[in-house]
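# Give me a model of this one.
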Amino acid sequence: MLERATKRLGARDALQVSSDPILRLTGLRGYWPMSAFDDAGNAADLAGFDAAVTELTYNGNPTYSYDGLAPYIRFDGVGDYLSHIDAAHYDILGTEAFVGVPGLTLGGWFYIEDDANAQGLITKWGAAVHRSYYLWADPSAAGDPATFQITDDGTNWDDVSLAGCTIDAWHFVAGRYDDSDAGAELKVWVDGDSDTAATARDSIFDSDAAFMIGAREGPITYLTGRASHCWLCAAALSDECIHAIFQQQRSLFGV
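From the prediction side, this is the model:
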């Protein structure tokens, strides 16, 4: 499946190409390629922060593996997820004065194996008044949409969705909240396609929900499938940045 990547690049060069676009991102708060994990299965962050802040706790019994040169963690949809308790590091409001392009951007590669339920991808989202941001997919809905949503009060939200996140295939999925003076906007990507929605929300709520990959707080809305090269940024990355990530990593996933 991934022979095309290794024909063009040596193994070391291919891995460097896949990681470099993430490590260069403005506002990077965490990068979990799922290649590195500790003796308890906790997922390591390669962005370079203190492990106590960005190492994600292993829950359930997911397994780490690889597809060619693409590392991943596989969740079985029954109690499997990675998490970190609520911490300031994940409380990205989109109003930070020290950020010249305020907002939030997050994404990764996902291989969904269940079309009966909604799937939590990267989340900081629980019950009402315990919500911040939420990237998820619903292969049980028409068009197999991926959705990105935020709230500014912990309860009500705005969202944007895009079809095409089909099961049994790798997809690049990303979301962005752009708190621009020209008008706030939400955007979601599935592979090379994208869609936008306007929002009047001027910030993201600072909730006490845990940060999770593979579920949302409850825990519920479990992902049945694989996650790879996941990342989180405290900035509104440009379309060009997102496009570059997709183009530079897609060969690893045979896309």
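# Next up, the contacts around residue 37.
Taking Cβ atoms under 8 Å, 6 or more residues apart in numbering, we find residue 37 in contact with 43, 44, 58, 64. From N, CA and C alone the C-beta is placed, and that goes for glycine too.
# swap the cut-off to 7 Å and go again
Shown in contact with residue 37 (Cβ atoms under 7 Å, 6 or more residues apart in numbering): 43, 44, 64.
# So what does it look like in phi/psi?
The phi and psi torsions at residue 37 (degrees, to the nearest 10) take the values phi -150, psi 160.
# those helices in the chain, which residues are they?
3-8, 11-23, 51-54, 239-249 (DSSP state H).
# Out of the ones you listed, which gets the lowest mean score?
Mean pLDDT is lowest for helix 3-8 among the helices of the chain, at a mean of 40.
# contacting residues around the residue nearest to the spatial centre of the chain?
Closest to where the C-alpha atoms of the chain average out (Cα atoms, centre = their mean) is residue 107, at 3.1 Å. When the contact criterion is Cβ under 7 Å, 6+ apart, the partners of residue 107 are 172, 173, 174, 175, 231.
# shaky segments in the protein?
Applying pLDDT under 70 to the chain flags the ranges 1-19.
# List the beta-bridge partners for the nearest residue in space to residue 188 that is not next to it in sequence.
Distance criterion Cβ to Cβ, 6 or more residues apart in numbering; nearest residue to residue 188, sequence neighbours excluded, is residue 148 at 4.4 Å. Beta bridges link residue 148 to residue 135, residue 160, judged by DSSP bridges.
# gap between residue 148 and residue 243?
To residue 243, residue 148 is 17 Å away according to Cβ to Cβ, to the nearest Å.
# do the same with residue 146
To residue 243, residue 146 is 17 Å away according to Cβ to Cβ.
# who has more neighbours, the two?
Each of residue 146 and residue 243 has its neighbours counted (other Cβ atoms under 10 Å); residue 146 has more, 30 against 13.
# I'd like to know how many residues surround the residue lying closest to residue 145 once chain neighbours are set aside.
Spatial nearest neighbour of residue 145, excluding adjacent residues (Cβ to Cβ, 6+ apart): residue 161 at 4.3 Å. Residue 161: 20 surrounding residues under other Cβ under 10 Å.
# The one 3 residues further on too?
A count of nearby residues for residue 164, using other Cβ under 10 Å, gives 17.
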